[in-house]
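A.B. asks: Give me coordinates for this.
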Amino acid sequence: MSKGKNTVNIRQIAVSCAHCIVMTLLIGAISWLLMIVLPNWGALDPLSQSFDRFSFTDLYYSIYRNNHEAVPNDRIVIVDTSDKTRGEIASTIDRLMSCEPVIVGLDIIFDRPTGDTLGTLQLRETLARHNNDIVAIAKLTRYNEETMQFEGITPSILDDVAPQRAYSNLKNVGEGGFVRNYTIARNVGGDTLYSFASALASHYRGAFGGSTTPRTTEDGIIDFMPQSFNIIDADSLTAHVDEIIGRIVLVGNINSEEDRHYTPIGAINGTIIHAYTIDTLLDKPTQTVAKGWVALLEILVLWCMVIVYWGISRFCDTRHYKTLLAIVNWIYPVATALLVVCTSGWIFISSHRYISPLVLMAAMALLPNTVELYMVIKETLPEKIKSFIHKIRTHKNRKI
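C.D. replies: Predicted coordinates for the structure are as follows:
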């Protein structure tokens, strides 16, 4: 008797495992199909744009902004040249170079002549004297949607005197100019041009014996953990020599309203965004987890969730708790989506490893519907197969 019971139990376990495997495969197939089809469906463009304006890291950075004190940054200094003429900026650079910074990033675009001819000449001469220690910005223009590349650069009065040009374009999302990602390099007219932050970070590493090539070639997420950057007024450089020596110095217009962008920690100046990006590239560039590991992780999580949900649905069915099952089916997609988003965000904040939560979220949210679909197939398919086989046999008998 006991042997018979054991055989029945083993058979039930085997059948349950088979159900779990089939459901896992079914959920995975449906989820991957949705991930491939939906982003390319034009009708969903407004939906995809709204998702582009939110990232799972936004919530974490806003929480840290409100609950943690800003950490002082000891590698990057910002010199504010707001309302300065070109001649005054040239004098500022001369005084700045006497303070022996490692590298200076000039975050100001001089794209057209002004009435200040003498100041322009002075600025050009100053840049030519210190051309090995300055990175000047350029602005990429004429983005081609088909090739997904920029085709031009804004001309500047410094084109023939600045030895190293780097683009300052931020990776904005949406009409509001929301910034959360950094870029490393872009192909412009067949040439590779590095981003402002990437060029400065590489130069800084090289000055201390590290590699001057970028640590990554892929775009990533800016680490917006709250920091306080030392901002020095251009007129008081001599009083801050010790704070400048051996540092990266960014020269920019901190009070410019036109150069403010929305980020996970609020609207901040573009030069400060560059500072956050440089700090990220020096220590915490985004590490995209290999797709093979992501697939294994998703399979493991899906397997666990299928077993949990299967157990809940079986319990509700045997006890006839239809109302409870309906509540579970309603709560489940929201709860699992929040769980995946929070877990993915926590993994990135703690280790800077990026795991895309989209496929996993879709798979887990579709689980109740997929279980119902599977149950319908399981109940009706055997009868359909029997009926089909019976028709074939009947047709053969008639021929005989």
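
A.B. asks: Buried residues, stretch 158-170. List them.
C.D. replies: Neighbour counts over stretch 158-170 (16 or more other CB atoms under 10 Å) mark 158, 161-162, 164-170 as buried. (Each C-beta comes from the backbone N, C-alpha and C, glycine too.)

A.B. asks: For the helix or strand where residue 344 lies, name the packing helices and strands.
C.D. replies: Using DSSP states H and E, residue 344 sits within helix 322-351. Judged by 3 or more CB pairs under 8 Å, 6 or more residues apart in numbering; DSSP states H and E, helix 322-351 is in contact with helix 56-67, helix 291-318, helix 358-365, helix 367-399.

A.B. asks: hey, least reliable of those by pLDDT?
C.D. replies: Ranked by mean pLDDT, those end with helix 358-365 at the bottom, a mean of 59.

A.B. asks: Okay, buried residues for the helix or strand in which residue 77 is found please.
C.D. replies: Per DSSP H and E: residue 77 is located in strand 71-80. For strand 71-80, burial by neighbour count (16+ other CB under 10 Å) applies to 73, 75-80.

A.B. asks: Which pair of these spans the longest distance?
C.D. replies: Maximum pairwise distance among those (CB to CB): 18.0 Å, between 75 and 80.

A.B. asks: just checking, next helix/strand downstream of the helix holding residue 344?
C.D. replies: strand 353-354.

A.B. asks: what lines up beside that following strand in the sheet?
C.D. replies: Here strand 353-354 is paired, per DSSP bridges, with strand 287-288 (parallel).

A.B. asks: ok so, going back, select from the buried residues of stretch 158-170 every entry located in strands.
C.D. replies: Counting by DSSP state E, the buried residues of stretch 158-170 place 164-167 in strands.

A.B. asks: need those in TSV with pLDDT and distance to residue 191, can you?
C.D. replies: Output for these, formatted as TSV (pLDDT from 0 to 100; distance: CB to CB, whole Å):
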residue	pLDDT	distance to residue 191
164	81	13
165	83	11
166	87	12
167	88	12
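
A.B. asks: And the lowest mean pLDDT element among the helices and strands of the protein?
C.D. replies: For the chain, using mean pLDDT, DSSP states H and E, the weakest element among its helices and strands is helix 45-52, scoring a mean of 42.

A.B. asks: Residue ranges in the stretch 101-250 of the chain under the pLDDT threshold?
C.D. replies: Scanning the stretch 101-250 of the chain for pLDDT under 70 picks out the ranges 113-115, 162-163, 172-177.

A.B. asks: switch to 50 and redo it
C.D. replies: 174-175 (pLDDT under 50).

A.B. asks: Spatially nearest residue to residue 159 (excluding sequence neighbours)?
C.D. replies: The spatial neighbour of residue 159 that comes closest, neighbours along the chain excluded (CB to CB, 6 or more residues apart in numbering), is residue 165 at 7.8 Å.

A.B. asks: Wait, the one you found touches residue 137, no?
C.D. replies: Yes: if you go by CB atoms under 8 Å, residue 165 and residue 137 touch, sitting 7.4 Å apart.

A.B. asks: Distance of the closest residue to residue 325 other than its chain neighbours relative to residue 309?
C.D. replies: Spatial nearest neighbour of residue 325, chain neighbours left out: residue 316 (3.9 Å); criterion: CB to CB, 6+ apart. As judged by CB to CB, to the nearest Å, residue 316 and residue 309 stand 11 Å apart.

A.B. asks: Please apply the same query to residue 269.
C.D. replies: Taken as CB to CB, the span from residue 269 to residue 309 is 48 Å.

A.B. asks: Format the buried residues of strand 71-80 as a markdown table; extra columns: pLDDT.
C.D. replies: Shown next, in a markdown table, are the buried residues of strand 71-80 (pLDDT from 0 to 100):
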| residue | pLDDT |
| --- | --- |
| 73 | 91 |
| 75 | 93 |
| 76 | 95 |
| 77 | 95 |
| 78 | 95 |
| 79 | 94 |
| 80 | 93 |
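
A.B. asks: mind exporting the helix or strand hosting residue 141 as CSV, just the C-alpha atoms?
C.D. replies: Element membership for residue 141, per DSSP H and E: strand 140-144. Below are the C-alpha coordinates for strand 140-144, written out as CSV (Å, rounded to 0.1, in the frame of the first residue of the first chain):
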residue,chain,number,x,y,z
LEU,A,140,28.0,67.9,-32.4
THR,A,141,25.3,68.9,-35.0
ARG,A,142,23.2,67.4,-37.9
TYR,A,143,22.1,64.1,-36.4
ASN,A,144,21.2,61.6,-39.1
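
A.B. asks: what does the helix or strand following it rub up against?
C.D. replies: Next helix or strand after strand 140-144 toward the C-terminus (DSSP H and E): strand 149-153. For strand 149-153, the surrounding residues in contact (CB atoms under 8 Å, 6 or more residues apart in numbering) are 138-144, 165, 167, 169, 186-189, 193.

A.B. asks: Determine which two of those are furthest apart.
C.D. replies: 144 and 165 (20.3 Å).

A.B. asks: I figured residue 211 hits residue 205, correct?
C.D. replies: Yes: using CB under 8 Å, residue 211 is in contact with residue 205, at 6.2 Å.

A.B. asks: Which one of those two is surrounded by more residues?
C.D. replies: Neighbours of residue 211 and residue 205, each counted by other CB atoms under 10 Å, are more numerous for residue 205; the result is 18 against 9.

A.B. asks: How much space separates that one from residue 344?
C.D. replies: 29 Å.

A.B. asks: Residue 154 now?
C.D. replies: Taken as CB to CB, the span from residue 154 to residue 344 is 38 Å.

A.B. asks: Can you pick out the residue with more neighbours from those two?
C.D. replies: Neighbours were counted for residue 154 and for residue 344 using other CB under 10 Å; residue 344 has more, 21 against 16.

A.B. asks: Give me the local confidence score for that one.
C.D. replies: So, for residue 344, pLDDT stands at 74.

A.B. asks: Great, nothing more from me.
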